[in-house]
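Engineer: sharing a model that was predicted from the sequence below.
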Amino acid sequence: MLVSILKAKLHRATVTGTAVDYSGSLAIGSELLARSGILPFERILVANLTTGARLETYAIEGEEGTIVLQGGAAHHGSVGDRLMIAAFVLLDPAEAAAFRPKVLILDEANRVVEEIGPARP
């Protein structure tokens, strides 16, 4: 049996742009992807803390400091909205008991203001 456990979270990310005429995804600045351990094309859950909207999509690499809702996801937020972006990993229960996610708390300019726990595969 495997359980789904939080792998990484970007908390209070600020939407910097929207692009409805894109095939879909969430562009996240490359430095945030690397620091969080979220991989390009990895499935993510996005909760809009401003509107309450939730969606599932995948991450793509964006320009530094950017968080851009694209395609259908662009209908779930506006520039300035704050998001919680989460990625999950499947682990067996023994691995899950010892696992700690990487959590990055961001300011309004998408700079890391707090980093909690290293994710360990």
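Structural biologist: Received, thanks. Since the structure is predicted, the reported quantities are computational estimates derived from the model, not experimental observations. Residues are numbered from 1 along each chain as shown.
Engineer: just to check, G24 is in contact with T57?
Structural biologist: Yes - using Cβ atoms under 8 Å, G24 makes contact with T57 at a distance of 6.3 Å. Just so you know, the C-beta spots here come from the backbone N, C-alpha and C atoms, and that holds for glycine as well.
Engineer: for G77, what are its contacts?
Structural biologist: By Cβ atoms under 8 Å, 6 or more residues apart in numbering, the contact set of G77 is 15, 18, 48, 50-51, 53, 69, 83.
Engineer: any idea how far it is from V3?
Structural biologist: 29 Å (Cβ to Cβ, to the nearest Å).
Engineer: and the strands in this structure?
Structural biologist: 3-14, 17-19, 25-29, 43-48, 54-62, 67-70, 82-91, 102-106, 112-116 (DSSP state E).
Engineer: out of the contacts of G77, which are buried?
Structural biologist: Buried by 16 or more other Cβ atoms under 10 Å: 15, 18, 48, 69, 83, out of the contacts of G77.
Engineer: what is the nearest of these to L104?
Structural biologist: L83 (12.2 Å; Cβ to Cβ).
Engineer: the closest residue to the closest one other than its chain neighbours: how many residues sit nearby?
Structural biologist: Spatially, and ignoring its direct neighbours in sequence, L83 is nearest to A13 (4.6 Å; Cβ to Cβ, 6 or more residues apart in numbering). By the criterion of other Cβ atoms under 10 Å, A13 has 26 neighbours.
Engineer: returning to that earlier point: what's the closest of the buried ones among the contacts of G77 to E115?
Structural biologist: The closest of the buried ones among the contacts of G77, once distances to E115 are taken by Cβ to Cβ, is L83, at 17.7 Å.
Engineer: against P118, how distant is the closest one?
Structural biologist: L83 is 22 Å from P118, by Cβ to Cβ.
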